[in-house]
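**Student:** got a sequence here, can you build the structure:
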Amino acid sequence: MTHAELVALAARWLRVARRHPVVLSDLRTMATNEQPDVIGWMNSGFSTLIECKASRADFLRDAKKGFRRDTERGMGYERYYLAPAGLLVEADMPTGWGLLAPTAQSIRIVRKSAPFMKRSEGEERRLLVNAVRRVTEADVPDLVFSSLVRRHFGMGRIVRGAHETCVIATRGRASKLVENLDVRSSFFAPVGEHSEKPDAFFAIVERLSKGPYVELFSRRQRPGWTCLGSDLGTTLVSRDARGSR
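**Tutor:** From the prediction side, this is the model:
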């Protein structure tokens, strides 16, 4: 797997399997010394850091960084390395770090992380503030929410989930992008495969905007769309392949 594929898998795992409502991936900023591949936060404020390594050489370089040698300067209440199966073993892990390995559908915990009680919460806050600042400076007037209403019950903390939320974020004024103003904020669609987006969703996107359109983690090709996904054999070029890491 490429570095980009590992990052996408780790971010999805934190959001879905580990239920982290806030996840940042591959955010490059001068506001912090550490540049996490993926980091997410629970509602409690506890954070999980995942460093993705597609090569052993990259893993060895990572160990030389100052915030790796002094764990109190690093981010993450829990810390993991994610690497293709067999690239790293438990004995390679620094003290306290956990190890993750990709599976056919998700991620397997090879070794669980110990809690890092002393960590740089100040660095984590600076990273979050920088992410929020980027959104506000992009002149986003609104975050528009549309809901897919499901005909079966999902999980939930207080009420059982019966919908999925679609978030529409715009760079600039939304009025310049929206073609039709008659799209409703909710719609019904049959349940498909795991993580599969219904055809009705794509129809709504095409009514709202002229495009261009791109779908990530696609299961099949779609006319008029650029479809990327491992099922199709089309993926984003990793940073390693571009020689920028």
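
**Student:** wait, doesn't S25 sit right on R12?
**Tutor:** No. Using Cβ atoms under 8 Å, S25 is not in contact with R12, being 9.3 Å away. All C-beta spots, glycine's among them, are computed from the backbone N, C-alpha and C.

**Student:** for the biggest helix by length in the chain, C-alpha coordinates in CSV please.
**Tutor:** In terms of residue count, the longest helix belonging to the chain (DSSP state H) is helix 121-137. Provided in CSV are the C-alpha atoms of helix 121-137 (Å, rounded to 0.1, in the frame of the first residue of the first chain):
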residue,chain,number,x,y,z
GLU,A,121,-1.7,19.2,24.6
GLY,A,122,-0.5,22.7,23.6
GLU,A,123,0.7,21.3,20.2
GLU,A,124,-2.7,19.6,19.7
ARG,A,125,-4.6,22.8,20.4
ARG,A,126,-2.4,24.8,18.0
LEU,A,127,-3.0,22.1,15.3
LEU,A,128,-6.8,22.3,15.8
VAL,A,129,-6.8,26.1,15.8
ASN,A,130,-4.8,26.1,12.5
ALA,A,131,-7.3,23.7,10.9
VAL,A,132,-10.3,25.9,12.0
ARG,A,133,-8.5,29.0,10.8
ARG,A,134,-8.0,27.5,7.3
VAL,A,135,-11.8,27.0,7.1
THR,A,136,-12.7,30.5,8.2
GLU,A,137,-10.1,32.1,5.9
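
**Student:** quick check, pLDDT for the residue of the chain most remote from its centre.
**Tutor:** For the chain, the residue at maximal distance from the C-alpha centroid (Cα atoms, centre = their mean) is D182, at 31.0 Å. We have a pLDDT of 74 for D182.

**Student:** ditto for the one 4 residues further on
**Tutor:** According to the model's per-residue confidence, S186 sits at a pLDDT of 75.

**Student:** repeat that for S47.
**Tutor:** Reported pLDDT at S47 in the predicted model: 95.

**Student:** wait, it sits on W41?
**Tutor:** Yes. Using Cβ under 8 Å, S47 is in contact with W41, at 5.0 Å.

**Student:** these two: who's more crowded?
**Tutor:** Neighbour tally, S47 and W41, criterion other Cβ atoms under 10 Å: the higher count belongs to S47, 23 against 18.

**Student:** where does the more buried one fall, phi/psi-wise?
**Tutor:** phi -120, psi 150 (degrees, to the nearest 10).

**Student:** so who does it touch?
**Tutor:** Contacts for S47 (Cβ atoms under 8 Å, 6 or more residues apart in numbering) come out as 39-41, 75-78, 119, 124.

**Student:** repeat that with 10 Å
**Tutor:** By Cβ atoms under 10 Å, 6 or more residues apart in numbering, the residues touching S47 are 20, 22, 36, 39-41, 75-79, 116, 119, 121, 124, 127-128.
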